[in-house]
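Chemist: missing the sequence, but the structure's below:
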C-alpha cells in the first residue's frame, strides 16, 4: 500500500494490530536496517490552512530526501499533492491576527502577503531582500515589517514606505572628537588656524538644520540612533502601536578555540580538514543589553538590568576560594509586547543557567521592574520558558518549574503575586491562549508520564477540562477558530498518523491518514510493556520487551540506554529510536529480553528527575540501571551472568561508565558514538550540568569515563562515525589510547569514515548492528 487516503473501515483510534499474532515472517537485520521508507513515510510538520478547511503536511518522496507538500480536507478525504505554483501560499502559517479578521498580514519565503476577507492571498512584496514579521500599526492603514534586519513602515493606503530610525552600533560622531579641544595643542591650532573654528561653526549649522527638518513628517528620512560601539545588534521588538522599540544588543564574548576534524574519504582523494565547535569552558561569556527607543523622536535609553535581584550574587561561590560578587552576564531570551503596545515583558537568563527573570517595561512612565524570578541551584530548563500576554493587556502567563514540575502561572502586573493555574506531579507544555483570553489550552502528561493529552484551564478559577483521551503519544495544533484540533497520534506499534477532532463535548477523533506500508505489518513486532521499576529516586518508567511464552530456564537480557540524557523513550507512542525498537523485537525473536529505561536525567518526570545528575553525570543513572538489573533477575527470570547493554551518544557514555564502574554486573557492552570525556563536549549542554572545567574540575573528573578506564574487565565494542561533529571521533581515539596504555584486552573500535553522529547509510547501520548482535551472541548465549 503506497497511497494516502481516509477510509471509514480503518481501525479506530487507540487500537493497533496484535503484532505477535500476525504472519510468522522472521525479522532480519537486513530488513530492519534498510532505508526506512519500507516502514512508511509518515506525515510531517502539519498545519492548518488559513481558512481552516484544509490540513497541509509534508511527506518524504520515496527513495529521496525531498519532502513533498500534500493537503487533505479537514473532515477527511483523499490527500492531494500541492502544485508547485501553489506552494508559496500553501506554506503560509504566521499571522498577525486571526485570518478571518480582514485584512491579515502574513510572511513566508522572505516575502509579505495579505489575506483578504474573500479568502484571497495577495503578495505585498516580491524582492530579493528578506521581509518578515509584519505588524499592523493601524489596521488597514499602516503596517510595519522587517527588511533585512531594518524596521520599515508602509502606508497601506498611499503605498509610501519609509524607515523611521536607523540603528547603529557605534558612538555618536560628535561624541568622539579626535582630541580634546581644551588641551594645549588643540587650543594652539584653533588660535593659529581660523579654518578649524569656521568648520565647526558650519557643522553646527548643518546639525541644527537636520534636527529642524526631522520635526517634519516621520517618513522624511531615518533618524540615526547611535547605541554605542563595542556591541552587536541582535534583536528588535517594535510595539504594536508603532511608538516604541526594544532593542537587544550583545557585548560579544569569546567563542573559544574551534577544533578541527579531518575527512579521509573525499572526492579529490586528499585529506580535508574542517573547523568544528570549541570545547566547553574555553570561551568567555557574552552579555546582553536592552535599549528602549522612541521611534517617533529617535531618542533612546539603556534599561537598567543591574536591578535584577540576585544578579550580583554568585551561585558558584562555593567552588572558589576567593570571595567576590561579580555582576553576572545575562542573556535576553525573548520579549513580548502586550496587544495595546504600552507594556512589555522581557525574559532574561543568567549566563550560568541558575536564574531567570521576567522584567516589566512601561515605556511612558519609564518604569522597569522585575516581576518574577526563578532560581535553580542546578540549572533552569531550556524547554519550559513559554510566556505571553492575555488580550486584556495587564496579565501575562508563563511556564515555570518552581513547583518541581512545569506548570502555568498568571501574573497581573498590578498585583504582587502570580496566580497558580495548574499544579500536580505532571508537566505542562505548548500553551496557547484562547481567543477571548479567558483560558489557556495546553498539552500535559497528567494521567501517565508517557501519555500527553490536550487540556484547557480557565484563567479565572483554574477549572481544568480535558479534551482528549487518546492514549499513545500525541501532538496538537488548534485551528485558527479554535473549534477543531489537528492531532499527530502514534502508539507503541504504530508510527505517527494525522487525526482531527472537534472541540465539543463528546466529540471523537477522526483518522485522516494511513501511511504505514503493508510490508511493515507482516512482521511479528513485539509490543513492549511499559512498567514502573522501583528505584532509589522513585519509579523508573521503562519499556520491557519479552516473548509471551513463560521461559523454562534463565534467559539473557539486553539493556538499551537511550541518548541525549534529557529525552523520554518509555512513553506509549512510536519511538524516535525506531531502528532500536525493531532491533529489540529481533532480539526477542532470538531468545533475549530487552529493558529500555528512562533513567534519572530523562525528560517527562519533573525537575528533580532532570537535575539529579548535576555535577555527577553517570552517578544516579548507574543506580537506576542497577535497579533495572535487580528487577530483571528477581521478576523476569534473567540469568545474572548474561546481561549486556548498549546505547548511543549519552547512552554510549553510560555504557562505558557501567562497564568501567560495575564490571561485575554486565557481561559485555556496546558504546556507540560515546562521550568519553565531558571536558571535550560543547559548552551549551555541558556547562549547565557540570559547570565549566576550570571552575569545577571534580565534577568533570567523576563524570568522565576516561577517568575510570582502568575498571574495564568485560568485552567492549565501540562504534563511532569519524565525521561526527557532535561527539567528536577524537573522544573514541583518546579512550582507545588510554585503554592501550592500560594494557586492556577484549575491546575493539569499529570506525565509520563517512558517517556523522546519526548514520545516513543503511549499509553503516547494518554493519554496526551486526557487530552489536555478534557481541551479544558471543558473550550472552550459553
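Modeler: Cool, got the structure. Nothing here was measured: the structure is a model prediction, and the numbers come from that model. Numbers count the residues shown, from 1 in each chain.

Chemist: Every contact and neighbour count from this point should use C-alpha atoms.
Modeler: Fine.

Chemist: Can you show me the helices along the stretch 501-650 of the chain?
Modeler: Listed in chain order, the helices found in the stretch 501-650 of the chain under DSSP state H, counting those that start in this stretch are 578-589, 607-611, 620-635, 650-661.

Chemist: Show me the domain layout of the chain.
Modeler: Partitioning the chain according to automatic domain parsing yields domains covering residues 42-163, 219-253+282-375, 381-491+493-519, 527-780.

Chemist: Tabulate the ones you listed (a markdown table), appending mean pLDDT, mean neighbour count and distance to residue 267.
Modeler: A markdown table is the format used below for the domains of the chain (pLDDT from 0 to 100; neighbours: other Cα atoms under 10 Å; distance: least, Cα to Cα, whole Å):
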| stretch | mean pLDDT | mean neighbour count | distance to residue 267 |
| --- | --- | --- | --- |
| domain 42-163 | 90 | 17 | 21 |
| domain 219-253+282-375 | 93 | 17 | 34 |
| domain 381-491+493-519 | 97 | 19 | 36 |
| domain 527-780 | 98 | 20 | 12 |
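
Chemist: Show me the one of the ones you listed that comes nearest residue 266.
Modeler: Taking Cα to Cα as the criterion, domain 527-780 is the member of the domains of the chain that comes nearest to residue 266, at 9.1 Å.

Chemist: Let me have the domains of the chain in a markdown table, adding distance to residue 33 as columns.
Modeler: What follows is the domains of the chain, written out as a markdown table (distance: least, Cα to Cα, whole Å):
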| stretch | distance to residue 33 |
| --- | --- |
| domain 42-163 | 15 |
| domain 219-253+282-375 | 39 |
| domain 381-491+493-519 | 14 |
| domain 527-780 | 5 |
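
Chemist: Identify whichever of those lies nearest to residue 36.
Modeler: The minimum distance between residue 36 and the domains of the chain falls on domain 527-780, with 8.6 Å, by Cα to Cα.

Chemist: tell me the contacts of residue 610?
Modeler: Neighbouring residues of residue 610 by Cα atoms under 8 Å, 6 or more residues apart in numbering: 566, 600, 601, 602, 603.

Chemist: Let's have the helices of the stretch 501-650 of the chain in TSV, adding distance to residue 365.
Modeler: Written out in TSV, the entries for these read as follows (distance: least, Cα to Cα, whole Å):
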stretch	distance to residue 365
helix 578-589	56
helix 607-611	38
helix 620-635	51
helix 650-661	50
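
Chemist: Residue 389: which of these is closest?
Modeler: With Cα to Cα as the criterion, residue 389 lies closest to helix 607-611 of the helices of the stretch 501-650 of the chain, at 25.2 Å.

Chemist: Quick one: closest of the helices of the stretch 501-650 of the chain to residue 253.
Modeler: Comparing the helices of the stretch 501-650 of the chain against residue 253 with Cα to Cα, the closest turns out to be helix 607-611 (27.2 Å).

Chemist: so how far is the closest one from its chain's centroid?
Modeler: 18 Å (Cα atoms, centre = their mean, to the nearest Å).

Chemist: cool, and stretch 714-733?
Modeler: Between the mean C-alpha location of stretch 714-733 and the chain-wide mean there is a distance of 25 Å, by Cα atoms, centre = their mean.

Chemist: Same check on stretch 190-204?
Modeler: With Cα atoms, centre = their mean as the basis, the mean position of stretch 190-204 lies at 59 Å from the chain mean.

Chemist: next one: stretch 429-436
Modeler: A distance of 19 Å separates the centroid of the chain from that of stretch 429-436, by Cα atoms, centre = their mean.

Chemist: before we move on, the earlier item: which of the domains of the chain sits closest to residue 26?
Modeler: Go through the domains of the chain one by one with Cα to Cα and the one that ends up closest to residue 26 is domain 527-780, at 8.1 Å.
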